[in-house]
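Enquirer: Any chance you can model this:
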Amino acid sequence: MNNKLKSSATALAALLIVALTPLASSATFPGDNGRIIFNRGSFEDPTFLVSMEPDGSDVTRLTGKARTAFGASWAPDGSRFIYARVNNDGSVDLFMRDADGSNETRVTDSNRDEFSVAFGPDGNQAVFQGCGRQCDLFTIDLTTLTVTRLTDTRADELAPEWSVDDVIVFERSPNRRGDIEIFTIEPDGGSLTQLTDNEGPQDVSATWSPDGTEIVFSRCGRKSGCDLFTMNANGSGKTRVTDTRADEFSAQYSPNGQAFVFTRSRGETRSDLFRMRTNGQGLRRLTDTPNKFEVDPDWQPVE
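Expert: Model prediction:
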């Protein structure tokens, strides 16, 4: 494949990931409820990052029009966000900006495609998935930019999220046919624990509550679509939150722990953001933009 075709194929793959895949939001850290950052895009134009108030007002664009940017994660103090960006050659690397979208800084520059990034609880580290022939998990020191491999298996390890209690949740997808399940692991690679074990449904898009005691995730069946569930940090106490004909994924706790923001999709080109209380009550639509998809929200903690 020549460089031009390879670049186009990689960029298209990244766009499909942004639009259609139930990616995990990054773990919410405790605090007051700040702004919600998310992806807005279409299949015709680059995807970009936008933020808004928790009621859906004051929508502000944070990244430019020339390159696709997606999958943002707020720092624990809400002062900056880290995200993935498609480069001119079609590769995907990590970048960082201040909360208002200023001061873009490159974080990674490798021969892997790197995305699904989330801050660690001290704000000086992040965890992400790096993909070549397969996807593995890596951590990065944001001061020295030293990268450390966390997983190395024949499966794909995806969508990591780092809790306030210093535990990483992620999903593992077999490289052949099989169920996607949710696991936890410590930042040094120890204490690998499987939290879900299903034959049929795929458990994806897991993210932590602000206090690290609960996980919200999506359970996706071939015929039933994706619904939201919660469970305890050890995998016990699984509870259904939604039961609709739509697909609900990328749920994110509010920093005060009382609400979710999540993506609801009714087809390839129509995905909007909603919020509701963690008991499934008080549903409210936040976005409704014609010919655009809005996905993968993350809720800013304010100290």
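
Enquirer: where does the stretch 51-200 of the chain have low pLDDT?
Expert: For the stretch 51-200 of the chain, residues meeting the criterion pLDDT under 70 lie at 176-177.

Enquirer: Can you show me the strands along it?
Expert: Assigned by DSSP state E, counting those that start in this stretch, the strands in the stretch 51-200 of the chain fall at 60-61, 69-74, 80-86, 92-98, 105-106, 113-119, 125-131, 135-141, 147-149, 156-162, 168-173, 181-185, 193-194.

Enquirer: The fourth one pairs with which strands, parallel or anti?
Expert: I take that to be strand 92-98. As defined by DSSP bridges, the strand partners of strand 92-98 come to strand 80-86 (antiparallel), strand 105-106 (antiparallel).

Enquirer: And for the longest one, what's in contact with it?
Expert: It stands for strand 80-86. Contacts to strand 80-86, defined as Cβ atoms under 8 Å, 6 or more residues apart in numbering, come from residues 10-11, 14, 37, 46, 49, 62-63, 67-75, 92-99, 107, 114-119, 126, 142, 298. For glycine as for every other residue, the C-beta is placed from the backbone atoms N, C-alpha and C.

Enquirer: and if you look at the shortest one?
Expert: The set of residues external to strand 105-106 that reach it, using Cβ under 8 Å, 6+ apart, is 93-97.

Enquirer: ok, now with 10 Å
Expert: Residues from elsewhere that reach strand 105-106, judged by Cβ atoms under 10 Å, 6 or more residues apart in numbering: 80, 82, 85, 87, 93-98, 142, 145.

Enquirer: Of those residues - the most surrounded one?
Expert: Most neighbours among the contacts of strand 105-106, by other Cβ atoms under 10 Å: Leu94, with 26 neighbours.

Enquirer: before we move on, the earlier item: save the strands of the stretch 51-200 of the chain as CSV, and put in distance to Gln258 too.
Expert: CSV is the format used below for the strands of the stretch 51-200 of the chain (distance: least, Cβ to Cβ, whole Å):
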stretch, distance to Gln258
strand 60-61, 24
strand 69-74, 17
strand 80-86, 22
strand 92-98, 27
strand 105-106, 33
strand 113-119, 21
strand 125-131, 26
strand 135-141, 30
strand 147-149, 35
strand 156-162, 19
strand 168-173, 21
strand 181-185, 23
strand 193-194, 28
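
Enquirer: Can you check which of these gets nearest to Gly41?
Expert: Closest approach to Gly41 among those (Cβ to Cβ): strand 69-74, 7.7 Å.

Enquirer: Report the strands that pair with that closest one, each with its relative direction.
Expert: Sheet pairing here is set by DSSP bridges, and for strand 69-74 it gives strand 80-86 (antiparallel).

Enquirer: tell me the angle the partner strand makes with strand 135-141.
Expert: 140 degrees (axes from the mean of the first three to the mean of the last three Cα atoms, to 10 degrees).
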